[in-house]
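In: curious how this folds, go ahead:
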Amino acid sequence: MAYQTPKLKAVSKAKHRILEKYFPAWARILGSRHEKLAYVDCFAGSGQYADGEEGSPLLILGEARKLVGNPKFRSRILAIFVEENSQAARELQSRIPTDLPDSVKAFVFHEDAHNFVPELLQALPENLPAFVFVDPYGRPLNIPLMNQLLQRPKTEIFLTLMWYAINMHLSNPKTEETITRMFGDKEWKQQPFMSQSCWDRETGFVDSFLGRLNAGFKLKFRIRFSPEDKVPGGDDRTKYYLVHLSNHAKAALLMKEVMYPLGDELGTFDYSATAQQRLFSETPTTEDLIQRLRENFAGQKVTFDELREKTWDWPFIEKHYREAVKTLEGKWEVRIERIESKKIGLKGKDRITFGGGS
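Out: This next block holds a predicted model:
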């Protein structure tokens with residue numbers, strides 16, 4: 001089948017912005033402690049969209065080039081691009097820059113990711129930090145295989161979960177084998193979401209799917225249809241989810257910082273590429289955070305890092321926590337023992353004692 005280069009739609013640009021912001025930040029942190037880092041794209045495409053925009057492989061290589069151009073960055077970057085379609089793989093290979101720095105190596109493999117990744121796991125050292133881009137449905141990398149990846153201590157997964165396509169196929173006998181391959185077994189057929197509808201079905205499926213992945217931190221970013229998709233009611237319907245999977249709180253907090261400003265509204269983690277005016281803002285406020293802290297931490301003592309890690313799934317980022325805690329300090333509701341910061345600052349090891357409690 002001939003490969004048709006896809007058009008880059010507005011909602012897909014959010015995925016690129018996340019990659020462009022998270023990958024270099026991730027690489028700088030891990031690169032300070034490791035000589036080599038790996039980026040693996042399991043559905044790489046041809047590297048270019050129909051209108052000439054760069055695809056994620058070229059964006060990542062551009063970020064890698066900038067990273068190694070900084071003399072303070074000492075790590076080497078291994079970029080592995082897996083593409084099942086032979087034409088797309090050839091086109092991607094032709095677009096890999098020939099003048100990459102010696103410390104950036106890029107390899108294109110014309111392979112099925114489901115068959116190739118187990119071989120790759122055998123070849124890569126277990127402690128090698130790796131960031132793996134996965135689509136478990138369109139180009140299957142199933143749950144058991146993703147769990148093998150997540151068993152590796154420094155591997156993270158960035159997952160595209162194509163809810164709209166999956167939902168159309170859940171009750172179709174012709175696609176049952178594909179769904180079973182994605183899950184790794186037939187237990188999905190007995191799950192409650194199969195008899196549910198609308199939002200209950202969607203949230204039930206997503207919770208069930210993510211619940212089977214062995215990651216301690218699962219951060220979701222919802223992508224809705226945009227007007228250019230021309231789907232009836234699309235601006236309120238989910239196209240897919242981007243999910244960051246890791247077993248390290250600091251990785252989840254870093255990804256949250258990246259995702260926070262990219263939704264239709266700050267802190268909603270929900271994007272449709274529309275600029276609709278809402279009567280009431282859905283952006284969580286610092287006052288919301290203050291109230292949550294009062295309710296959940298009364299009488300407790302935690303460091304600033306521990307506070308953020310314990311509440312990693314709350315829709316707030318570091319600056320909000322700092323503002324909230326310092327506001328509470330000004331109201332004599334918390335006491336801060338400054339271990340790491342100076343007189344009025346607030347950093348990771350500083351100890352916060354909340355008032356109240358029994």
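In: where along the stretch 51-200 of the chain do the strands fall?
Out: Read by DSSP state E, counting those that start in this stretch, the stretch 51-200 of the chain holds these strands, from start to end of the chain: 76-83, 104-110, 130-134, 155-161.
In: in stretch 207-215, which residues are buried?
Out: If you call a residue buried by 16 or more other Cβ atoms under 10 Å, then stretch 207-215 has these buried ones: 208, 209, 210, 213, 215. For every residue, glycine as well, the C-beta is placed using N, CA and C.
In: same thing with stretch 8-25?
Out: In stretch 8-25, counting by 16+ other Cβ under 10 Å, buried: 8, 11, 12, 14, 15, 16, 18, 19, 21, 22, 23, 24.
In: greatest separation within these: which pair is it?
Out: The span of those, defined through Cβ to Cβ, is set by 11 and 24 at 22.7 Å.
In: so where is the protein shaky, pLDDT-wise?
Out: Across the chain, residues meeting the criterion (pLDDT under 70) sit at 1-2, 136-140, 234-235, 275-281, 357-358.
In: tell me the domain ranges of it?
Out: 12-271, 286-354 (automatic domain parsing).
In: start and end of the longest one, how far apart?
Out: Same thing as domain 12-271. 10 Å (Cα to Cα, to the nearest Å).
In: how close does residue 27 sit to residue 36?
Out: 11 Å (Cβ to Cβ, to the nearest Å).
In: touching both of those two, which residues are there?
Out: 75, 77 (Cβ atoms under 8 Å, 6 or more residues apart in numbering).
In: between those two, which one's more packed in?
Out: Comparing residue 27 with residue 36 by neighbour count (other Cβ atoms under 10 Å), the higher total belongs to residue 27, at 23 against 17.
In: wait, the more buried one sits on residue 76?
Out: No - at 10.6 Å, residue 27 does not count as touching residue 76 under the criterion of Cβ atoms under 8 Å.
In: most tightly packed of the domains of the chain?
Out: The highest mean neighbour count among the domains of the chain, using mean count of other Cβ atoms under 10 Å, belongs to domain 12-271: a mean of 17.
In: give me the element the residue most central in space within the chain is part of.
Out: The centre of the chain sits closest to residue 244, judged by Cα atoms, centre = their mean, with a distance of 2.9 Å. Under the assignment given by DSSP states H and E, the secondary-structure element containing residue 244 is strand 238-246.
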